[in-house]
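[1] quick one: sequence plus predicted model below, questions after.
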Amino acid sequence: MESKILAWQIRRDVLDMVHSAHASHIGSVFSVADIVAVLYTDFVDKEQLLRRDKERTRIILSKGHAGAAIYAALAEIGLMDKKELQTYGMNGSKLSCHVSHNHVAGIEISTGSLGQGVGMAAGIALAGKKAGRHYRTFVIAGDGECNEGSVWEMALFARQQKLNNLTMIVDCNGLQAMGKTADILDMRDFESKFDSFGWHVQSVNGHDHAVLKAALLYVDETKPTCIIANTVKGKGVSFMENNNLWHYRDPQGEAYDNAVMELERQRP
Amino acid sequence: MRNAFVNTLSTLVAEDKNLYLLVGDMGFGLFNSFQENNPERFINVGIAEQNMAAVAAGLALEGNTVFVYSLANFSALRCLEQVRNCVAYHQANVKIISAGAGISYGTLGITHHSTEDLSIMRAVPNMIIFSPADAYESAAVTLAAYKVDKPCYLRLGRGRESLIHQHEIDNYTIGKAIKIFDGNDCAIFSTGAISYEASRAAKALNAAGISAAFFTFPTVKPMDVELIEEYARKCKMIVTVEENNTIGGFGSAIAEIIAELKGEKAFLKRVAINDEFTSVVGSHDYLKSYYKLKGENIFDMVAKEMSISADFDAVGGGATNCLNH
C-alpha cells in the first residue's frame, strides 16, 4: 500500500472510530496521519513487527492521544483485524483512546501522559546501540508535548549518548489542549532549540510524503535527528482544520456526514 | 548497606552483560570500581530523574536488567509518574534504588528526608518493595531483586548501619519476615535501619519480663501475611516500627491485615513519623529522639501499654549494642 492511501485510510477509519466511540482527539489524529502512514509504509517490515524481531523498527507514539491513528495503521497493514477497530473506546475493548501496548500486537509501549514516551524511546534506542543492533527508533511527539521538561532532559541525554539511531518527529501543528501553543507556552523556534541541544534538525511539511520520507531516511553519524513536521491540526476535513474544538468534539449528525463526504471526495 | 548493595551488584554484573546501572549524578566514590570494570554498563544520566526512569524502562523492555540509583526522594518521587507509567505499568525489569532512607540524612533538611516513599510506592501496582535493616539484608534483597523479573523499589540506608544479623542470609525469599527471636506477649515488627532501635527495645522488654518476639521485614510488599496473622492471634500486642510516615507505610500494611482478621486478636501500636515534617536540624540519632523512634521510646510505649513498670536503662537497655541470638 502506498503511504498516501494508508494516510487516507487512517483518516477514514478514525473518523468512524471516533464517531462511534464518542471519543476525542480526531484533530490530533488527522494532524499526525501522514507521518504515521509514511512510517508504517516505508520503514516497517510487517513480518518483523509481527514476530517481534529484535531488528524490527521501533515506532513510539509519545503523543498517545493520537493512538487511534496507530490502531488504524496496524489494521490497514494487516496486523489487526479491521473489525477490532470498531471496539475502539468501547466497554471491554483493549483499544484505549491513549495508545496501549497491552494485548495489541505491533505496539511497543503505552503512552498518554506527555513527555514520557520520548524517554522510553531513548532507552530503547540506547539498548539497540549497546547490543550492537541496527534497528532504528522513531518517536512522535507533539509540539504542545514539548512543554514538558522531561522532553528536554531526553534531548540532552540522547545527544550525550550519541543516539543517532533515534529520530524524533515533532508534529508541529501550533495548537495544544487549551489553544495556540504560541499563546500558552510559546516554544518559539524548535529548529534552533534542537540544534543547540546538538541534534541534527530538519524542518519539513508534515503532510508531504516524499519530503517526509526523505527526512526520515536520514541517519547522522553521531547525532540523533529531530524532524520538525509542520502540520495542520484536523488536516483533511475543512471545518476541522486549525480548529481546536476538534481536539475534544466527536463528529455526530451533520458534522459527521460532512466529514465523510469530504474524505470520500479525497479517496485515492 | 550501600556498600553491600554495590558489592552484590558488582558480582552480578561480572556474569551478566545485560545488567545496567544508571545513576542520577549521585553516589560519588561509591561506584568507582563498578564503573572502572564495567564502563559500558554504567551510565550517569545527569540530574534528570524523569528521564532516568523512562530511559531505564525502555532499556529494560529490550531484555535488560536496569538498576537506577539516586538519593532519598529523587529516584522515585521526583519521577513518580514515570515510575508508575513507564516502569510499573509496563512491568519493566527496573530496580529503583533510593539511598538515605527515612531521616538518615538528618542535617540536610526535609528535602533529603525520605519519609513518605514507603507509603507512596506501596500504592503502585506491580511494585515489589524492599527495605533492608542492615548490610546482610541489603545484600540479600539486592540479589532477590535481581533474580525476579519485575519492577522493584529498594530503600537503602545511608551507610554504617548497626548489624542486626550475624551472618549472610542465604536464599532470601521475597515477602518473608526474618525471625530474630521469638516471644508470646507481644511481637515487634520492624523494617529498615530503624530495626536497630526496635531490637534494643525488644531485648530490653524481654529483660523486663515481657516475652517479646522480634522480626525484621526486608520486604514491605508483598507482606508476610501468614506470619502477621499467626502473631496477631498469639500475642496481646503487635508493634510496628519504621522510619516513614504513619500513614500508608509499613505499619499501615500490617494494620490492614490485622483489621481484616476475624476473631480475637492483638491490638496494634505503630511507631512511625506522625504525619509531619520537621524544621529541626540534627543528626540522625538526634532526629530519632525528636520523632520518638529510639529504643527507649519504643520500650516505654510498650511497657505502658502492657501495664508494667520498668526502666529501659535499669533493665540494661542502654547497654544493648548488639543482639544475642
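    Looks like it arrived, so ask away.
[2] what segments of the chain are strands?
    You didn't pick a chain, so chain A it is. Secondary structure of chain A (DSSP state E): strands at A:58-61, A:137-142, A:166-172, A:175-176, A:179-180, A:200-205, A:225-230.
[3] that's the other chain; I wanted chain B
    Taking DSSP E, the strands of chain B run over residues B:19-23, B:42-44, B:65-71, B:94-99, B:128-130, B:152-156, B:178-181, B:186-190, B:212-216, B:219-221, B:237-245, B:267-273.
[4] contact residues of chain A facing chain B?
    A:101, A:108-113, A:115-116, A:118-128, A:130-131, A:149-150, A:153-154, A:156-157, A:160-161 (CB under 8 Å from any CB of the partner chain). From N, CA and C alone the C-beta is placed, and that goes for glycine too.
[5] which of these are buried, as a PyMOL select command?
    Buried members of the residues of chain A next to chain B, defined by 16 or more other CB atoms under 10 Å in any protein chain shown, are picked up in PyMOL with:
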select buried, chain A and resi 101+108+109+110+111+112+113+115+116+118+119+120+121+122+123+124+125+126+127+128+130+150+153+154+157+161
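[6] which of the residues of chain A next to chain B fall in helices?
    A:118-128, A:130, A:149-150, A:153-154, A:156-157, A:160 (DSSP state H).
[7] can you map out the helices along the chain?
    As the question left the chain open, I've gone with chain A. A:3-21, A:26-42, A:46-50, A:67-76, A:117-130, A:149-160, A:181-184, A:190-196, A:209-217, A:253-265.
[8] to clarify, I was referring to chain B.
    B:2-15, B:32-37, B:49-61, B:80-82, B:117-122, B:135-147, B:195-207, B:225-234, B:250-259, B:284-290, B:295-305.
[9] of those, flag the one that's most buried.
    helix B:49-61 (a mean of 31; mean count of other CB atoms under 10 Å in any protein chain shown).
[10] one step back: would you turn the strands of chain A into JSON lines with mean neighbour count and mean pLDDT?
    Output for the strands of chain A, formatted as JSON lines (neighbours: other CB atoms under 10 Å in any protein chain shown; pLDDT from 0 to 100):
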{"stretch": "strand A:58-61", "mean neighbour count": "26", "mean pLDDT": "98"}
{"stretch": "strand A:137-142", "mean neighbour count": "28", "mean pLDDT": "98"}
{"stretch": "strand A:166-172", "mean neighbour count": "28", "mean pLDDT": "98"}
{"stretch": "strand A:175-176", "mean neighbour count": "26", "mean pLDDT": "96"}
{"stretch": "strand A:179-180", "mean neighbour count": "13", "mean pLDDT": "96"}
{"stretch": "strand A:200-205", "mean neighbour count": "19", "mean pLDDT": "98"}
{"stretch": "strand A:225-230", "mean neighbour count": "24", "mean pLDDT": "98"}
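[11] so which of the ones you listed gets nearest B:Q35?
    Closest approach to B:Q35 among the strands of chain A is made by strand A:166-172 (24.3 Å; CB to CB).
[12] so B:S199 touches B:F214, yeah?
    Yes. B:S199 is in contact with B:F214 according to CB atoms under 8 Å; the separation is 6.2 Å.
[13] need the overlap of contacts for those two.
    Applying CB atoms under 8 Å, 6 or more residues apart in numbering or on different chains, one finds that B:S199 and B:F214 are jointly contacted by B:180, B:190.
[14] sorry, back to before: now the helices of chain A as JSON lines including mean pLDDT?
    Output for the helices of chain A, formatted as JSON lines (pLDDT from 0 to 100):
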{"stretch": "helix A:3-21", "mean pLDDT": "97"}
{"stretch": "helix A:26-42", "mean pLDDT": "98"}
{"stretch": "helix A:46-50", "mean pLDDT": "94"}
{"stretch": "helix A:67-76", "mean pLDDT": "97"}
{"stretch": "helix A:117-130", "mean pLDDT": "98"}
{"stretch": "helix A:149-160", "mean pLDDT": "98"}
{"stretch": "helix A:181-184", "mean pLDDT": "96"}
{"stretch": "helix A:190-196", "mean pLDDT": "97"}
{"stretch": "helix A:209-217", "mean pLDDT": "98"}
{"stretch": "helix A:253-265", "mean pLDDT": "97"}
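[15] so which of those is nearest B:V68?
    Short answer: helix A:117-130, nearest of the helices of chain A by CB to CB, at 10.9 Å.
[16] so who does the nearest residue to B:P222 once chain neighbours are set aside touch?
    If the residues on either side of it in the chain are set aside, B:P222 comes closest to B:G175, at 4.3 Å by CB to CB, 6 or more residues apart in numbering or on different chains. Counting by CB under 8 Å, 6+ apart, B:G175 makes contact with B:219, B:222-224.
[17] what do you get if the cut-off is 10 Å, keeping everything else the same?
    B:128, B:144, B:217-227 (CB atoms under 10 Å, 6 or more residues apart in numbering or on different chains).
[18] any low-confidence regions in the stretch 51-200 of chain B?
    Counting by pLDDT under 70, the stretch 51-200 of chain B contains no low-confidence segment.
[19] point out the residues in it that sit beside chain A.
    Proximity of the stretch 51-200 of chain B to chain A (CB under 10 Å from any CB of the partner chain) is limited to residues B:51-64, B:66, B:79, B:81-82, B:84-87, B:89-90, B:92, B:94.
[20] you'd agree B:H90 is up against B:E62?
    No. Using CB atoms under 10 Å, B:H90 is not in contact with B:E62, being 11.6 Å away.
[21] mutual contacts of those two, please.
    A:E108.
[22] surely B:E296 meets B:D313?
    Yes. Using CB under 10 Å, B:E296 makes contact with B:D313 at a distance of 8.1 Å.
[23] shared neighbours of the two, anything?
    B:A204.
[24] what residues are up against the closest residue to B:G249 other than its chain neighbours?
    Of all residues not flanking B:G249 in the chain, B:L118 sits nearest, at 4.1 Å (CB to CB, 6+ apart). Neighbouring residues of B:L118 by CB under 10 Å, 6+ apart: B:101-102, B:129, B:131, B:153, B:155, B:191-192, B:220-221, B:242-245, B:248-253, B:272.
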